[in-house]
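1. sequence unknown, structure follows:
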């Protein structure tokens, strides 16, 4: 397994685990280059595995690659350079749409998960929410926390999996922690 890390918040989160990462980027240009290279590597692996297997089996030569992105919006929504934004979105779209079959996964964190911010979120089959803030997001999270089928993408699938006794993996939401009373 390989971990590739991207932390565009000035290195506030991921640098503590930097020895765990095979590749790491803290600057925008380096992050986009990392994603583009991962997308190319993914496509090369897909060509190599074509007609030989339908499922990736991790090995030393073909490890599962987890790309950890802290603050996705800093990479795809808040960049002043539109060319870099388009390049990042294109690479992420390739990885999200083709990566699962060949052993590429993305674990991305976003404080603002609205469609205006994360336009390719429909390509991710699993999402989780935590501490959803106020307004619409808070109401959505609260409603979903009460019923794992309410307002979830793929509600029919959620009902079928719940009826079969399997957990709903389409929408996993955790309610924010209760405030601790002052001592």
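-> Good, I have the coordinates. Every value quoted in this text rests on a predicted model; they were computed, and no experiment measured them. Residues are numbered from 1 along each chain as shown.
2. what about the chain, any weak spots by pLDDT?
-> 112-183 (pLDDT under 70).
3. try 50 this time
-> 131, 139-140, 142-160, 167-178 (pLDDT under 50).
4. ok, which stretches of it are helices?
-> For the chain, the helices defined by DSSP state H cover 28-49, 72-76, 82-102, 135-146, 155-163.
5. Who are the contact partners of residue 6?
-> 14, 24, 25, 26, 31, 34, 35, 67, 68, 69, 70, 75 (CB atoms under 8 Å, 6 or more residues apart in numbering). Every residue, glycine included, has its C-beta placed from N, CA and C.
6. any idea how far it is from residue 86?
-> 17 Å (CB to CB, to the nearest Å).
7. Ok, residue 35 next?
-> Residue 35 is 12 Å from residue 86, by CB to CB.
8. Comparing the two, which residue is more hemmed in?
-> When residue 35 and residue 86 are compared for neighbours, residue 35 comes out ahead with 26 against 13, by other CB atoms under 10 Å.
9. Would you agree the more buried one is in contact with residue 99?
-> No. Residue 35 lies out of contact with residue 99 (CB atoms under 8 Å); the separation is 11.2 Å.
10. What is the nearest of the contacts of residue 6 to residue 109?
-> Closest approach to residue 109 among those (CB to CB): residue 70, at 5.3 Å.
11. Tell me the bridge partners for that closest one.
-> For residue 70, the beta-bridge partners are residue 7, residue 109 (DSSP bridges).
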